[in-house]
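> I would like the atomic coordinates for the input below:
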Amino acid sequence: MRFYSVIVPVYNRPHEVDELLNSLTQQTFKNFEVLIIEDGSTNKCEAIVQKYIDQLNIQYFFKENTGQGFSRNYGFERAKGDFFIVFDSDCLIPPHYFENADKSLDEQPLDAFGGPDKAHPSFTNVQKAISYSMTSPFTTGGIRGNKNHVGTFHPRSFNMGISKEVFEKTKGYIITRMGEDIEFSIRINGEGFNSGLIPEAFVYHKRRTSFIQFYKQLHFFGRARINISRFYPKELKLVHTFPALFTLGLLVMPITYLIDIKLTLVGLLVYALFAVLNFLAATVQHRSPIVGFLGMIASFTQLVAYGVGFLTELIQVKK
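Predicted coordinates:
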């Protein structure tokens, strides 16, 4: 039977850690340990961890702030498992997560895997809308957590598993922010390890609680994609430019009005269709027109924020 080590880096989010640990106490599969890596927080979660000391095989570590990538390495170096599982602190783990992952690894062995994310019924309407946007086929989020993903599967570290051998070979993360999980996944695949998606190993991912926070996060993601191209230029694909093109289309629309109003009308029709499709899809998915409306806003926010971040960092590269 595999023994798993759960690695959770955290920075000033004790409430999230409380919810995450509570969900881990409800697992049907119990053969795992938990390592909480406090990354130089001022609002520590040590007291929260102590609440679960009798319910989980858990360890708490406090270290200086180095970012999530190097904090995960810190956990890997101290983990005792055959497989290392990385969660973000804002995740809730369904009761059958480890049972499903372990069964899938028995049926189809993998060296590294990722799982999808979903919206929990307890999430706010904004969180559900953001979750919709980040997993929708109409936005870049649809590339992830999908069997029909584009190109080689790259696990993302909000919900990722790697074998002990993967860590020993790769030595973990070599950058700590700005696309560190993408870079790590590229090296995992480059070393010849077998990676794939386990659809049943999903988590409930809270992400951000407001559109302002969501904008900042996706702006950072856009920058991170260009940062990864500094290491691996060939990994910058045409699909990654879609949010930037989407954003540029919005920006040039006033100019097209001065040139030819028909071009503007066509552009407005395209963006209106995009809005309607997202409204309908989010409404059907969550059975709520409120979430549908917010999902439409989230989709525009996601693409524009990512696009602006992508273009901003691209300009820096060209200088």
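> quick one: the strands in the stretch 151-300 of the chain?
159-163, 195-197, 203-205 (DSSP state E, counting those that start in this stretch).
> Give the residue spans of the stretch 51-200 of the chain that score low on pLDDT.
140-151 (pLDDT under 70).
> repeat that for 80
Within the stretch 51-200 of the chain, the ranges that satisfy pLDDT under 80 run 140-152.
> coming back round to it: please identify the deepest-packed of the strands of the stretch 151-300 of the chain.
For those, the largest average neighbour count (mean count of other Cβ atoms under 10 Å) is found in strand 159-163, namely a mean of 25. Quick note: C-beta positions are derived from backbone N, CA and C, even for glycine.
> which helices and strands sit right next to that strand?
With contacts taken as 3 or more Cβ pairs under 8 Å, 6 or more residues apart in numbering; DSSP states H and E, strand 159-163 sits against strand 83-87, strand 112-114.
> Tell me which other helices or strands the last one touches.
When contacts are defined as 3+ Cβ pairs under 8 Å, 6+ apart, strand 112-114 sits against helix 97-107, strand 159-163, strand 195-197.
> and those as a markdown table, adding distance to residue 189?
Converted to a markdown table, those look like this (distance: least, Cβ to Cβ, whole Å):
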| stretch | distance to residue 189 |
| --- | --- |
| helix 97-107 | 18 |
| strand 159-163 | 12 |
| strand 195-197 | 6 |
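> related to what we said a few turns ago, including distance to residue 7, could the strands of the stretch 151-300 of the chain go into CSV?
Compiled in CSV, those are given as follows (distance: least, Cβ to Cβ, whole Å):
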stretch, distance to residue 7
strand 159-163, 10
strand 195-197, 17
strand 203-205, 14
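> Tell me which of the ones you listed lies nearest to residue 127.
Ranking the strands of the stretch 151-300 of the chain by their distance to residue 127 (criterion: Cβ to Cβ) puts strand 203-205 first, at 9.1 Å.
> strands paired with that closest one, and their directions?
strand 91-92 (antiparallel), strand 117-118 (parallel) (DSSP bridges).
> List the contacts of that strand.
Residues outside strand 203-205 that contact it (Cβ atoms under 8 Å, 6 or more residues apart in numbering) are 87-88, 90-94, 97, 115-120, 123, 131, 134, 158-159.
> Likewise for stretch 18-27?
Residues from elsewhere that reach stretch 18-27 (Cβ under 8 Å, 6+ apart): 6, 8, 32, 34, 45, 48-49, 51-52, 55-56, 58, 87, 89-99.
> right, and residue 83 touches residue 166 too?
No: taking contacts as Cβ atoms under 8 Å, residue 83 lies outside contact range of residue 166: 9.1 Å.
> tell me the domain boundaries of this protein?
Following automatic domain parsing, one gets these domains for the chain: 4-115+155-209, 218-318.
> Just the mean pLDDT for the shortest one, thanks.
Same thing as domain 218-318. Averaged across domain 218-318, pLDDT comes to 92.
> residue contacts, residue 99?
The contact partners of residue 99, by Cβ under 8 Å, 6+ apart, come to 27, 28, 29.
> The last one: what's it in contact with?
This means residue 29. So residue 29 contacts 96, 97, 98, 99, 102 (Cβ under 8 Å, 6+ apart).
> Quick check: bridge partners of residue 195?
residue 112.
> gap between it and residue 153?
From residue 195 across to residue 153, the span is 6 Å (Cβ to Cβ, to the nearest Å).
> shared neighbours, those two?
If you check residue 195 and residue 153 against Cβ under 8 Å, 6+ apart, the residues they both contact are residue 114.
> related to what we said a few turns ago, between the domains of the chain, which one is closest to residue 139.
Nearest of the domains of the chain (Cβ to Cβ): domain 218-318, 5.3 Å.
> Now find how far off-centre that closest one is within its chain.
18 Å (Cα atoms, centre = their mean, to the nearest Å).
> Kindly report the same for stretch 65-81.
On Cα atoms, centre = their mean, the centre of stretch 65-81 falls 18 Å from that of its chain.
> The lengthiest helix in the chain - contacts with which helices or strands?
In the chain, assigned by DSSP state H, the helix with the most residues is helix 289-318. If contacts are counted by 3+ Cβ pairs under 8 Å, 6+ apart, helix 289-318 sits against helix 125-135, helix 211-231, helix 242-259, helix 261-286.
> how about the third one: buried residues?
Neighbour-count burial for helix 242-259, with 16 or more other Cβ atoms under 10 Å as criterion, is recorded at 242, 243, 244, 246, 247, 256.
> What residues of stretch 215-222 count as buried?
215, 217, 218, 219, 220, 221, 222.
> Now the fourth one: closest residue in space, sequence neighbours ignored.
To tie it back to what came earlier, the one meant is residue 219. Spatial nearest neighbour of residue 219, excluding adjacent residues (Cβ to Cβ, 6 or more residues apart in numbering): residue 309 at 3.9 Å.
> Next: the first one.
Using Cβ to Cβ, 6+ apart and skipping the chain neighbours, the partner closest in space to residue 215 is residue 305 (4.4 Å).
> and the one you found, how many neighbours?
Neighbour count of residue 305, defined by other Cβ atoms under 10 Å: 22.
> Cheers, nothing more for now.
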